[in-house]
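>>> Got a predicted structure here, sequence first:
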Amino acid sequence: MKSKWGKKVADSTACNTYPRPGLVRSKWQNLNGSWDYCISDTSTNYFKYSMGKILVPFPIESELSTVKRTLSPNDILWYRRYFKKPVLSRKSDKVILHFGAVDWDATVFINGKEVARHKGGYTSFSVDVTNQLEENENELVVKVFDPSDRGINPHGKQVLNPENIYYTPSSGIWQTVWLEEVAAQYISDLKVTPDIDGNRVRIKTLVNNKDKNQVVKVEVLKGGIVVAQGEGNAEGLIDIKIDKPHLWCPEDPFLYKTKVKLIDRGKVIDEVTSYFGMRKISVGKLPDGSSRIFLNNKYYFNLGVLDQGFWPDGLLTPPNAQAMIFDIKAIKTLGFNTIRKHIKVEPEQWYYYADSIGVLVWQDFVNPPPTLPPGSRPEFEKELKETLAQLYNHPSIVTWVLFNERWGAYDQERLTKWVKELDPTRLVNGHTGELLYVRNKLRLPSKDPWVASDMADIHTYPFPMGVPQDGGKIKVIGEFGGINVSVPYHEWNDLKTWGYASKKPRELPLIYDSMMTVLKKLEGEGISASIYTQPFDVETEENGVITYDREIVKIDPKLIRKSNAKLWKFADNDKVNPIFNIGPLMDLDDTDDKYSDYLNDFNNGKRDSAFVRRLVLMAMREKDTPNVELVSGYFIKSISDPFSYSNLKFIQNCTINSKSSGFIFLTQNKAHVEQVLDSGSITEVLKSVIRGEYITPYVSIPSSKVDWQKITREVQQKYGDEYSEYVWGTVMVYNLDHKNWKDFAQGYVNYYKTAKTHSVYHINNITWSVFEQVSDAAVLKFAAEVMKYNIENKDSSSDSIDTYANLLYKSGNKEEAIKWERKAVEGSNGNKEISENLRKMESGLPTWPTPDSTKN
């Protein structure tokens, strides 16, 4: 899947706009484009570039990179390109090498010498490479390690096994690489703080290699005319009075331009241009005493969307500047004034466009790993501080969001207060969605969910509901919505789809409007902001208002603008918020209700592959097995590249029995198929077919009438020993779930006769059910042997030892059982249940459930 901007990407135009709008110089060189790359294992320091070309700055997993390959935690990704040393204006000038972002651990080499190392997948870094450069050609090498969701690194929604609300990783270079020529002493950064109450702006410059005799002069321009200016020492704080300041807001996103000059003894030695917006965000009170979000000292409802910032072709990397502009304009033209940038930090240009187009931004910090492995906490705090400093100057950013739905959350009070200390000019949402409601049911209670936060924030799917408690804080709904509507031919994966509720196209605008009606009522009860999930589909999460490729709109913009005007009066004001042409509206009637029409079209000769593929999926959802077999058979015969990854996954998915064309094709081409997919792909197909033909038809029949031994022999003869094992495992689990203990015991014994060395089930958990529910002495003895093997080779925990001891005890080996149970008690860290089992054994009492012990 490609966006319209991705289709136009080429080596010479890969993200070729100036990457740092907040600190602009004219002399720069873009290093994006075609680079050499290779992948080695993590133990290799020597590398050879024999694998091919990659288009920078697109991550290696993306289609636009031209590689589209997953980077594993055992891999090292190497990049290389050559460049000429820039022609410098002065001999004393320097060359700075900049990286917008590299995910995650990057080491940079110039002409074989290490010049920089940076950890942090979402923040920029730079290095002075002047002294390492040769006059002519120079070699630039970047070494990258990215464990995705298997390390200590904040990784957001990137996971190695993406599904539902988690997405494909973006490893390596994913933002612009560029060179910049600067003076020997130069302005390296600005920190700009507007103060509308004091009619001033405060600007602090950071100067590299500063001199005490240097001064900084700042000119503030409005419409090209200097309206204010100030001067101060290098790295000093410069206060500049702004007469009758033109305030920034979404309805009027006015930006002042600035010229900042570094002056040494009357001579300008460096100059940059920048900009700022005069705006204030604060907690205010309405006459009823409720706390609300105030923008420029007036109540302002933040009507927002949850924007993930993923692209079908570039993943984390937008295809180009026009694509970023489209996203922000599309969101605003739909009638929203706020974007919650969800667990991602965008390229710097994105925030400039948000500043200039005029939207409020709630910026999430990228969360640490949920399991908080050692080292993850300091890494998270380092990257948080870098993120805040990097984005500080943008007037669009009004709220920092610390944690989301308990993902890796820790020390919430300390960290919330710390963020406020780092930036006292913005609101801090310490924990969005720690209270999560799905279909009005609370996931987990929390004693103090919003400690130290400015906001009391809940997530409530799909419909919005009131915040149950607030402690005097601003009340907000940090997420709601998530209504799934799939658009045929505009899906990342037509085999999978996800959302909090699936609806038909014609239902969506009505549901959305009713949500806005509820929100308007909740506003009267104190709600000050809402974030709708979401503006765009993301991979299999098809709950956007616009498709993932940004091609099709699911709700007529005029309707959604009218609905949003209930909460933001300018939502459908054509003068303040002019309509931007997003794209065509989806066909509201093109649903599975047209299945019979599609079948007629097929029977009348319509045969294009996209149509046939969709008809197969329709037939599967309709459970029309004969037509699944008929149409999928035609699909397999007609497609030009049946061995592409996408087509093989589709064939795998629509293979429903051993007579289908898909089954025959996959099994006859096993070696080729497993090269493209993985070594277990055919195994999964066979298991699915065996389950459908040999297990599902019999599991509901009384056990006395099912000859599982005979069924297993048939499977074994047709498919081999490993699949007879699969039958017994499935029989075991099915009967465990349905409490058919006789068949469960039979399945257990026959499965673990061969599978104890490689069980796909948790041996201790499933064997505990044997102990509790089975009385057959032979089965108990066999289960004890399985547990003994498990303890000696896999799991010697106190829980496993306890299970083994209980099996020994129940099968009559009391003395040996007590010996092992004492070992379990020693290693159980005071587990009361295990200690009680030992007491019962020593007293000769049953440790398993009995009729008396199960009475209420």
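Structure received. Fair warning: this is a prediction, and the values are worked out from it, not measured in the lab.
>>> make it CA atoms for all contacts and neighbour counts henceforth
Fine.
>>> Show me the residue sitting in the middle of this protein in space.
In the chain, the C-alpha closest to the average C-alpha coordinate belongs to residue 157, at a distance of 1.8 Å (CA atoms, centre = their mean).
>>> Give me the nearest residue to that residue, chain neighbours excluded.
Of all residues not flanking residue 157 in the chain, residue 166 sits nearest, at 4.9 Å (CA to CA, 6 or more residues apart in numbering).
>>> Please look at the one you found and residue 160 and confirm they touch.
No: counting by CA atoms under 8 Å, residue 160 is not a contact partner of residue 166; they are 9.2 Å apart.
>>> what about residue 269, helix or strand, and which?
Following DSSP states H and E, one finds residue 269 within strand 267-276.
>>> so how far is the helix or strand following that strand from its chain's centroid?
Reading on from strand 267-276 to the C-terminus, the next helix or strand found by DSSP H and E is strand 281-285. Once both centres are worked out by CA atoms, centre = their mean, to the nearest Å, strand 281-285 turns out to sit 31 Å from its chain's centre.
>>> Flag every buried residue along the next helix or strand after strand 281-285.
Once strand 281-285 ends, the next helix or strand along the chain (criterion: DSSP H and E) is strand 291-295. Residues 291, 292, 293, 294, 295 are the ones in strand 291-295 that count as buried (16 or more other CA atoms under 10 Å).
>>> and strand 291-295, how far out from the chain's middle?
30 Å.
>>> likewise stretch 277-294?
With CA atoms, centre = their mean, you get 32 Å for stretch 277-294.
>>> Could I get the buried residue list for that stretch?
For stretch 277-294, burial by neighbour count (16+ other CA under 10 Å) applies to 277-284, 290-294.
>>> Straight-line length of it, end to end?
16 Å (CA to CA, to the nearest Å).
>>> let's number from 37 now, not from 1
From this message on, residue numbering opens at 37, which makes the last subject stretch 313-330.
>>> hmm, who's touching it?
Residues from elsewhere that reach stretch 313-330 (CA atoms under 8 Å, 6 or more residues apart in numbering): 230-232, 237, 281-285, 289-292, 331-338, 391, 430-431, 434, 461-463, 490, 508-511, 562-565.
>>> Out of those, list just those in helices.
residue 391 (DSSP state H).
>>> on that earlier part again, now the two most distant members of the buried residues of stretch 313-330.
313 and 326 (28.0 Å; CA to CA).
>>> list the contacts for the residue nearest to residue 193?
Shown in contact with residue 202 (CA under 8 Å, 6+ apart): 193, 194, 195.
>>> Could I have the CA atoms of the strand holding residue 305 written out in PDB?
Once non-C-alpha atoms are left out, strand 303-312 reads as follows in PDB (Å, rounded to 0.1, in the frame of the first residue of the first chain):
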ATOM      1  CA  LYS A 303      30.800  42.200  13.500                       C
ATOM      2  CA  VAL A 304      28.000  39.700  12.800                       C
ATOM      3  CA  ILE A 305      29.600  36.300  12.900                       C
ATOM      4  CA  ASP A 306      26.500  34.200  12.800                       C
ATOM      5  CA  GLU A 307      22.800  34.700  12.000                       C
ATOM      6  CA  VAL A 308      19.700  32.500  12.100                       C
ATOM      7  CA  THR A 309      16.100  33.000  11.500                       C
ATOM      8  CA  SER A 310      13.300  31.600  13.600                       C
ATOM      9  CA  TYR A 311       9.700  32.300  14.800                       C
ATOM     10  CA  PHE A 312       7.500  32.200  17.800                       C
END
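>>> buried residues in it?
In terms of neighbour count (16+ other CA under 10 Å), strand 303-312 has its buried residues at 305, 306, 307, 308, 309, 310, 311, 312.
>>> same deal with stretch 620-636?
Judged by neighbour count (16+ other CA under 10 Å), stretch 620-636 contains these buried residues: 622, 628, 631, 634, 635.
>>> what about the strand or helix carrying the fourth one, distance to the chain center?
To tie it back to what came earlier, the one meant is residue 634. Here residue 634 sits within helix 631-639, counting by DSSP H and E. Averaging C-alpha positions (CA atoms, centre = their mean) puts helix 631-639 38 Å from its chain's average.
>>> Show me what counts as buried in the helix or strand just after that helix.
Moving toward the C-terminus from helix 631-639, the first helix or strand encountered (DSSP H and E) is helix 645-657. Going by neighbour count (16+ other CA under 10 Å), the buried part of helix 645-657 is 647, 648, 649, 650, 651, 652, 653, 654, 655, 656.
>>> Among those residues, find me the one that's closest to residue 573.
Of all the buried residues of helix 645-657, residue 573 sits closest to residue 650, with 19.0 Å by CA to CA.
>>> which residues sit in contact with that closest one?
By CA under 8 Å, 6+ apart, residue 650 lies in contact with residue 524.
>>> so where's the stretch 437-586 of the chain shaky on pLDDT?
Along the stretch 437-586 of the chain, segments meeting pLDDT under 70 are nowhere present.
>>> what ranges do the helices span in it?
Using DSSP state H, counting those that start in this stretch, the helices assigned to the stretch 437-586 of the chain run over residues 448-458, 544-560.
>>> wait, doesn't residue 585 sit right on residue 571?
No: counting by CA under 8 Å, residue 585 stays clear of residue 571, with 11.9 Å between them.
>>> neighbour count winner among those two?
Taking other CA atoms under 10 Å, residue 585 and residue 571 do not tie; residue 571 has more neighbours (27 against 22).
>>> Would you report the backbone torsion angles of the more buried one?
Main-chain dihedrals, residue 571, degrees, to the nearest 10: phi -70, psi -40.
>>> Tell me which residues touch it, please.
For residue 571, the contacting residues are 341, 342, 343, 367, 580, 581, 582, by CA under 8 Å, 6+ apart.
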